[in-house]
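Novice: Quick check, what structure comes out for this input:
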Amino acid sequence: MEVFSNVSRSRKIFFQPREADDYSDLLSGHEKAGQVVRTPRDVGIRMVRETEVLRNHAIPIKVNQGSFTLHPYIEQFSLLFLSHRMRRSVIFDGMTLGLDADIPDTPNSPAVFRPVGYYDFVSTNLLSPYDVGEVGRQEPLLRGRSLIFDSRGNLRKLSLSRLANVVGVSVLAFTTEGKLLLVRQTLDVAGSPGLVAPSGSGALEPRDLAGTGASTLQRTILNGALRELREECNLEQEDLAGDAEVIGYGRWVSRGAMPEFCALALLNKSADQILRQSVRTEERPFVGDVVAVRLPVVPDWSAVDPLDVLPPTYRHAVSWPLAFSLTCLVESMRDLSWNLGSRLRGRLSSGETGEA
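Specialist: Numbers count the residues shown, from 1 in each chain. Below is the predicted model of the structure:
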């Protein structure tokens, strides 16, 4: 009788998307500080103070081995929502890494990871843009906003969050002639279906911790971001020029304020050499196509709207990780003493001259 009762109740539960929710009422302070990054579909925050620490100090890491446990407040809806999402998307079934606490303010304090199942991420972070309702009931059983913001309207700290908070990693990769690689995602991708993504983007996995080179947060992020780049653009390790750096940290509010990192990488292959290769078979459910675009020279980049660096065709189809990564790149290039930025300037300028 209990089983039949649960099945009967499940048929009355529905998930109402809040597609028009831009969180502007809760992000006004961040808006004034110029931290908010918006796309037609999503919104997030560029974490300025944490990014400053990330770019200037090596941050050690720590891994909590305790498994992630769904909070009872969310668990009662998790299986129903998971089945709801699986009907719409191809979902990666594996282990990832979540961030268990906010990025430390001081460089000597560690960043804390924990193993998290990707299904836990779907059942929690991807649930946050929905309100859970029940047929015949006027008030929602669960308000998705409460998973992202506390009762005072402040962004929940990662250490106090009830969500899996899988670490998102992205990279902007430039070819030898200064073209930026972009990935057209398929409609089956869970995160940003049908949108244009960075050269490589995805979730941090436990294998990105492997090796002595992953002793810092920056190295771990690069391991994950460059792995995604190799997989999605069909590259080999030797195709990377060895020049890559983490350039930004943010919180993707539309995905439960999950942590998102972005990086810059320079390749030692031309766009023609890369685009000549087909998408790997195992990546076809996620990658529709890889394209290479020419950006204007750096003096023409706009800090007001970083998406203006893209050709008009792509500006209204960008994923949030791409918009966030471009915002961080524009901000980083203001530092004229940044060595990797100087090398990128050289590529962009020589490529522009060569095409002329």
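Novice: Spell out, range by range, the strands that occur in the chain.
Specialist: In the chain, the strands defined using DSSP state E lie at 13-17, 36-38, 43-46, 61-63, 95-99, 111-117, 130-134, 168-174, 179-185, 196-197, 200-203, 240-252, 258-267, 287-294.
Novice: Pull the number of nearby residues for the closest residue to Val279 other than its chain neighbours.
Specialist: Nearest residue to Val279 in three dimensions, chain neighbours excluded: Val287, at 4.9 Å (C-beta to C-beta, 6 or more residues apart in numbering). Where C-beta positions appear, they are placed from N, C-alpha and C, glycine not excepted. Using other C-beta atoms under 10 Å, Val287 is surrounded by 20 other residues.
Novice: any idea how far the nearest residue to Glu231 once chain neighbours are set aside lies from Lys269?
Specialist: Counting by C-beta to C-beta, 6+ apart, Glu231 lies nearest to Glu283, which is 5.9 Å off, once chain neighbours are set aside. Glu283 sits 18 Å away from Lys269, taking C-beta to C-beta, to the nearest Å as the criterion.
Novice: of all the strands of the chain, which lies closest to His316?
Specialist: Among those, strand 196-197 comes nearest to His316, with 9.7 Å by C-beta to C-beta.
Novice: Deepest in the core, which of the strands of the chain is it.
Specialist: strand 168-174 (a mean of 28; mean count of other C-beta atoms under 10 Å).
Novice: quick one: low-confidence parts of the stretch 1-150 of the chain?
Specialist: Applying pLDDT under 70 to the stretch 1-150 of the chain flags residues 1-10, 86-93.
Novice: ranges for the helices of it?
Specialist: Taking DSSP state H, counting those that start in this stretch as the criterion, the stretch 1-150 of the chain carries its helices at 2-10, 28-32, 48-56, 72-86, 118-124.
Novice: Output those helices as a markdown table; include the columns distance to Val63 and mean neighbour count.
Specialist: Shown next, in a markdown table, are the helices of the stretch 1-150 of the chain (distance: least, C-beta to C-beta, whole Å; neighbours: other C-beta atoms under 10 Å):
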| stretch | distance to Val63 | mean neighbour count |
| --- | --- | --- |
| helix 2-10 | 36 | 9 |
| helix 28-32 | 30 | 13 |
| helix 48-56 | 18 | 16 |
| helix 72-86 | 24 | 15 |
| helix 118-124 | 16 | 23 |
